[in-house]
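> coordinates only, sequence not included:
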């Protein structure tokens, strides 16, 4: 409803009126980021959209300047990265911001996705909003993977070999597709060149999909922790100053952690093997992807057995890609009419179990595929699939949700009243909220 | 609805003809954009290499780069050959020879992993058939190759015996031009 708010923009200066009659860009900005009504009960979990936009800008800015010093040639790439680190003025800083920026981009996107899963942000009328988000996530993964290849270290090379090797699992056309992707019979110079080209292109495609994502958001309006729709003007506050200040504060806190990693432990999230130049004749003792891919890597390796006509290799690849396809289907897999997990006791429990499962899969992905680890990964993968394919659809049908508040305002006032009864009321607060 | 309205007229024909011309045009423009991704002429030109193997005595291996991949040329010891020959086909995970010099359904006997007359020599693309890592030679439970990435084990004939890899390591097309020279590709 909030998307079709009547515009309240009135240009004050002559120049403002001149623009407004010809190309009302200031009106669009005013309506979208100043007067735009947001629910008054948004918490800090809702600030990660803004943080993600900021990280996209950080990555594009640092990326564009790094490209000025980088050479996308298998003979020069590794040395040109060292050249950036040692010779280029502030090259070390720009590269560390860019490399760790990718990690922090993923930290933010994971918080953003789990926030959406917790508060049911994917439910009608926000299915397209959610799917656009999934597309952004896929583009981010492709961009991050290709970016990791560019330094042309051992992990770059062998990561590219293993990941493009997934496609060779496809029956009949697999080898052809793999050769098409890497432009040769093994990862080499043509691969590096095309990955650089696409690594430069994809962030701008992400920016384009972000515009659609924000557009869809502004048509449907933001969800909020209660999951109850905005009913009156009193349920909302204007975007500025409320959301801008809250987002801004969250960005500063986020950047504080980011700066700590960039300045004090810049290689903590990386892998030492990537400071060894790519050698096509020697595989590192253990190939590990970047941390943000580890849960998927664990699921890939969990399939060590043939399933009917599907061999273990294809099975692993299907399980891994399927785990992302499931995200796209979430709006239709969740059958509950209640949006927010706050009012869904059983969903809330399974949500946290799911989060723990993904963290466990991430940990398993970093372990060698020996002993008990593949079995644990298989259990983790089964729970991952069960959460989406069994728990989500069934819970919506059998779960008794708690009583929803009549409005956002009522929920906010109730919470306030519960909080002011301290200290005796502090223990009573959970009851008063229900 | 009258029969006259269903009857296609000249405009319908033009719509369909224009549409089809558009599809054919789009496809023919798209193809160069897809085809440029495929291995280029300079990559394909590296299709064969000549290797001098005169210094490789039994028990020694030579690794050459062919099409960006390592190819091992191994002069196997009699013990390794004996071990490989003693394996029954039923014990193999992949019973097909995967030898480009033989028909695609040839069974994976030790002799079929080599070329006729040069059965001591194993010429093989030393790339794990799981996800493309380089296995380490003369290691593992079967005395062949061991892949450190995901633990696949191969025997002295490069056949997969244990682990996640689905196939035997591939034998490229090769030919002994003389006793001391082999041409790969």
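Received it, and whenever you're ready, just let me know what you need. Only a predicted model underlies this, so the values are computations on that prediction, with no experimental measurement involved.
> Not counting its own residues, what contacts stretch A:397-409?
Stretch A:397-409 is touched from outside by A:39-41, A:224, A:226-228, A:230-232, A:234-235, A:335-336, A:338, A:342-347, A:411, A:414, A:434, with contacts defined as CB atoms under 8 Å, 6 or more residues apart in numbering or on different chains. Backbone N, C-alpha and C define where each C-beta goes, glycine included.
> 10 Å instead?
A:39-42, A:224-232, A:234-236, A:335-348, A:350, A:410-415, A:433-434 (CB atoms under 10 Å, 6 or more residues apart in numbering or on different chains).
> From those residues, list just the buried residues.
A:39-42, A:224-230, A:235-236, A:336, A:338-344, A:346-347, A:350, A:411-412, A:415 (16 or more other CB atoms under 10 Å in any protein chain shown).
> if we can go back for a sec, go through the contacts of stretch A:397-409 and flag which are in strands.
Those of these mapping onto strands are A:39, A:236, per DSSP state E.
> quick one: contacts for the nearest residue to residue B:93 once chain neighbours are set aside?
In this structure, residue B:93 finds its nearest non-sequential neighbour in residue B:160, 5.0 Å apart by CB to CB, 6 or more residues apart in numbering or on different chains. The neighbours of residue B:160, taking CB under 10 Å, 6+ apart as the test, are B:92-94, B:98, B:108, B:128-130, B:142, B:144-145, B:147, B:152-154, B:166-169.
> burial measure for the residue of the stretch 51-200 of chain A at minimum distance from chain B, as a count.
Residue nearest to chain B within the stretch 51-200 of chain A (CB to the nearest CB): residue A:186, separated by 3.4 Å. Neighbour count of residue A:186, defined by other CB atoms under 10 Å in any protein chain shown: 23.
> And the helices in chain B?
Applying DSSP state H to chain B gives helices spanning B:3-6, B:10-35, B:41-45, B:78-86.
> between those helices, which one is nearest to chain A?
Nearest to chain A, of the helices of chain B and by CB to the nearest CB, is helix B:41-45 at 4.7 Å.
> Does that closest one reach chain A?
Yes - contact of helix B:41-45 with chain A (CB under 10 Å from any CB of the partner chain) involves B:42, B:43, B:44.
> Buried ones only from these, please, as a ChimeraX command.
Only the buried entries of the residues of helix B:41-45 next to chain A go into this ChimeraX selection, using 16+ other CB under 10 Å:
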select /B:43
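> can you put the residues of helix B:41-45 next to chain A in TSV and add pLDDT?
What follows is the residues of helix B:41-45 next to chain A, written out as TSV (pLDDT from 0 to 100):
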residue	pLDDT
B:42	84
B:43	82
B:44	82
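> quick revisit: in which helix or strand would I find the residue of the stretch 51-200 of chain A closest to chain B?
Assigned by DSSP states H and E, residue A:186 falls within no helix or strand.
> Which residue is the nearest non-sequential neighbour of it?
residue B:68 (3.4 Å).
> got it, and residue B:123?
residue B:174 (4.8 Å).
> is the one you found in a bridge, and if so with what?
The partner list for residue B:174 in beta bridges (DSSP bridges) reads residue B:184.
> lowest-pLDDT helix or strand in chain B?
Taking mean pLDDT, DSSP states H and E as the measure, helix B:3-6 is the helix or strand of chain B with the lowest mean score, a mean of 63.
> quick one: the nearest residue to residue A:110 once chain neighbours are set aside from chain B, how far?
Nearest non-adjacent residue to residue A:110, counting by CB to CB, 6+ apart: residue A:292, 7.6 Å away. Going from residue A:292 to chain B by CB to the nearest CB, to the nearest Å gives 19 Å.
> Does residue A:292 belong to a helix, a strand or coil?
helix (DSSP: H, G, I helix; E, B strand; the rest coil).
> Do I have it right that it meets residue A:102?
Yes - with contact defined as CB atoms under 10 Å, residue A:292 and residue A:102 form a contacting pair (8.0 Å).
> Pull up the overlap in contacts between these two.
Contacts common to residue A:292 and residue A:102, judged by CB under 10 Å, 6+ apart, are A:140, A:144, A:269.
> My read is that the last one contacts residue A:104, right?
Yes - counting by CB under 10 Å, residue A:104 is a contact partner of residue A:269 at 9.2 Å.
> Which residue, other than its chain neighbours, is closest to residue A:367?
Nearest residue to residue A:367 in three dimensions, chain neighbours excluded: residue A:373, at 4.7 Å (CB to CB, 6+ apart).
> distance of the one you found from residue B:165?
With distances taken as CB to CB, to the nearest Å, residue A:373 is found 18 Å from residue B:165.
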